[in-house]
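S.K.: attaching a predicted model along with its sequence, questions to come.
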Amino acid sequence: MHKTAEAPEREAPDDTVAIRVRGLKTQFGSQVIHEGLDLDVRRGEVLGVVGGSGTGKSVLLKEIIGLIRPAAGSLEVLGVDMDAADEAERRAVQRRWGVMFQDGALFSSMTVAENIQVPLKEYTRLSRSMMDDLARVKIAMAGLACSAATKHPSELSGGMRKRAALARALALDPEILFLDEPTAGLDPIGASAFDELIAELQRSLKLTVFMVTHDLDSLVTICDRIAVLVDKKIVVDTYENLLRIDHPWIQEYFHGPRGRAAEVAHAEHAADHAVAAQAKAAQAKAIGAES
Amino acid sequence: MVTAAAAVADDEARIDSSVERGVTTLRLAGPWITRTAAPLDHDLAALVRKHPSGTVVLDLSGVSVLDTVGAWLVHRTQEDLATGGATVRVEGVSADQKGLLEAVSRVERDVPVKHPERNILYDLALRTGKSTYHFRDEAVAMLSFLGMLVVKSVRALLHPGRIRFIALAHNIETTGLNAMPIVGLLSFLIGVVLAYQGADQLARFGAQIFVVNLLGVSVLRELGGLITAIIVAGRSGSAFTAQIGTMQVNQEVDAMETLGLDPIDVLVIPRVFALAITLPLLTFYASMMAIFGGALMSYFVLDISAAQFLQQFKAAIGVNTFWVGMVKAPVFAFAIAMVGCYEGLKVSGSAESVGRLTTQSVVVSIFLVIVLDALFSILFATLGI
């Protein structure tokens, strides 16, 4: 192998990539969880991460946000090499992402508004009334009633806690949003409402969303691409293409009974779109004919 | 395109205002984002305070980047100007920015996000009133818990087969056996201190030998039981609250109830009985250790030999003194275990309440122990024991 002929070790920074993982290795004791894992998360996409239990989905998320150090490999977030970056650079990048943990991880001694204002107080010099306004804005954006602002996390239901956590994750207008099992523990109506909310926020705030999930419905409806953790590596593709990949776990996952239900829903979704488009076309024709 | 945007983004965010034929135009330019918002907030608020009348145009075409903070500023200014009587138009909004502006326009501005701050005196009165009611409610609830516990305890004593002996034995081990080192050490040290201080004072009258009386009466009547009860309240009472509280958080107590198990029978009775057995034993042990410590001190400091000590002890301390101390122990035990279990069962929902109620459990049980001790003193005084 010729050294110079190889691609340069550090690939040129790419504006279209938000997160770049190269050759990631994770090891707990003698147990290897990821090995040689490569992943690109594109800017502005919603990426869903799935995998069997113990394949290290949440671990991968924690490695990217810097809570766990990988055994080997490089991590680049928003063009910054997180390993080489110094404290100040890392903080600067941290300010550009928001994380929503599985159970919300809201500070239990503070009200929802105070929770949202924690990063604002830490990183900005806005006036008090402005911060109160912003708390209202974020609460409304997360789909909570304004009356939730003065409540403590223990007074909220599970779904409301998740929304409050989302509001806190959005406090600094992040570019990347990390979500750990956002719909786990929600009823189907709450879960699909949450999916819609994420999709809407993603559109209006131009977010890149990295979402660990097990919810096949949200994978199918809101994810642009799906990353599957198998054999210590990751396979990324769109839902349609993943269905055709010949791997036992992937087949089992997407073609199992729940997978099939999601598939039907997906097909209906697509069909609805087609019908709507047809109807629109017909309507346009009718209008054209009338005039 | 990207480089051009970046060049503009480096620019500072600003507001250029111009007035032309009664139309005030505010040209917003640069990055309107969280980082740059603080001065903009200030400037816009100042502009609004001037109450410009007529038509005001907010021109966003120069804005390079807009985030929710910037969008909120635009929206707020627009609303404030409109309420001030001006006609407001927002122009030059790109398709992306439109979505953001719409998203922030759904906010209800008047809803308070903070609990209103109140007058200190009002607050003081409010809190006094609240805690008085709280105290009354707590006392009533604890009394009813006491009643239920007495009924169930009597029932358990009548049908000893229903007592869970494994749980009982386990609790005896954790509350009794495991407490022996700390209870023993502390009592020993108290005995040492008491003898030393007593000897100092009594030596002035040449009455050193009465240190034995002092030690015997104070330890057997009061200190042995009190110290043990306080240590056990801090050690086992808090543990009861934390154990049962954690089970409440995990809904284990609810699960028990649905399986037809009575949490009082399963969780509370074994703990109460275990403590009722171990606390008298610990009290006896603590008293012996304290007297031993005192005797040791007397030997070294006052040259009172063991034989002398025992002789004086026998002459000075009646068996009544011993029983007066011991009879209090099961009552203390009942109070500590009851409070510990009661606070544990009161835990609801969050892990935070486990911590709060554990603290409360220790405070209340030590308070009760001292109150009960005082009541016993009055009782014994009137009985003349």
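M.R.: Ah, there it is.

S.K.: hey, where'd the strands end up in chain B?
M.R.: B:14-20, B:23-32, B:55-66, B:87-91 (DSSP state E).

S.K.: between those strands, which one is closest to chain A.
M.R.: Of all the strands of chain B, strand B:55-66 sits nearest to chain A, with 9.8 Å by Cβ to the nearest Cβ. Where C-beta positions appear, they are placed from N, C-alpha and C, glycine not excepted.

S.K.: now do the buried residues in the closest one.
M.R.: B:56, B:57, B:58, B:59, B:60, B:62, B:63, B:64, B:65, B:66 (16 or more other Cβ atoms under 10 Å in any protein chain shown).

S.K.: farthest pair within these?
M.R.: Farthest-apart pair in the buried residues of strand B:55-66 is B:56 and B:65; separation 23.2 Å (Cβ to Cβ).

S.K.: the strand or helix carrying residue A:58 - what's its average pLDDT?
M.R.: According to DSSP states H and E, residue A:58 maps onto helix A:57-64. What helix A:57-64 shows for mean pLDDT is 88.

S.K.: what are the buried residues along that helix?
M.R.: Buried, per 16+ other Cβ under 10 Å, within helix A:57-64: A:57, A:58, A:59, A:60, A:61, A:62, A:63, A:64.

S.K.: ok, the third one - contacts?
M.R.: By Cβ atoms under 8 Å, 6 or more residues apart in numbering or on different chains, residue A:59 lies in contact with A:26, A:33, A:34, A:68.

S.K.: dump the residue contacts of the closest residue in space to residue B:218 that isn't next to it in sequence.
M.R.: Excluding its sequence neighbours, the residue lying closest to residue B:218 (Cβ to Cβ, 6 or more residues apart in numbering or on different chains) is residue B:194, at 6.5 Å. When contacts are counted by Cβ under 8 Å, 6+ apart, residue B:194 touches B:214, B:215, B:218, B:219, B:223, B:290, B:294.

S.K.: in those residues, find the pair that's most separated.
M.R.: Across those (Cβ to Cβ), the longest gap, 11.8 Å, separates B:214 and B:290.

S.K.: neighbour count winner among those two?
M.R.: residue B:290 (30 against 19; other Cβ atoms under 10 Å in any protein chain shown).

S.K.: so that one makes contact with residue B:188?
M.R.: Yes: with contacts counted by Cβ atoms under 8 Å, residue B:290 reaches residue B:188, the gap being 6.6 Å.

S.K.: residue B:287 and residue B:325 touch, don't they?
M.R.: Yes: contact criterion Cβ under 8 Å: residue B:287 and residue B:325 qualify, at 6.7 Å.

S.K.: overlap of the contact sets of these two?
M.R.: B:219, B:220, B:224, B:225.

S.K.: okay, the third one: pLDDT?
M.R.: pLDDT, the model's per-residue confidence, is 93 for residue B:224.

S.K.: now the residue nearest to it when sequence neighbours are not counted: how far from residue B:383?
M.R.: Spatial nearest neighbour of residue B:224, chain neighbours left out: residue B:287 (3.4 Å); criterion: Cβ to Cβ, 6+ apart. Using Cβ to Cβ, to the nearest Å, residue B:287 is found at 21 Å from residue B:383.

S.K.: what packs against the helix or strand following the helix holding residue A:58?
M.R.: Proceeding N to C from helix A:57-64, the next assigned helix or strand is strand A:72-77, under DSSP H and E. Here strand A:72-77 touches strand A:17-28, helix A:57-64, going by 3 or more Cβ pairs under 8 Å, 6 or more residues apart in numbering or on different chains; DSSP states H and E.

S.K.: before we move on, the earlier item: for the strands of chain B, give me a markdown table that also has distance to chain A and mean pLDDT.
M.R.: Output for the strands of chain B, formatted as a markdown table (distance: least, Cβ to the nearest Cβ, whole Å; pLDDT from 0 to 100):
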| stretch | distance to chain A | mean pLDDT |
| --- | --- | --- |
| strand B:14-20 | 16 | 82 |
| strand B:23-32 | 11 | 84 |
| strand B:55-66 | 10 | 84 |
| strand B:87-91 | 17 | 84 |
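
S.K.: I figured residue A:64 was touching residue A:78, is that so?
M.R.: No: if you go by Cβ under 8 Å, residue A:64 and residue A:78 don't touch, sitting 11.2 Å apart.
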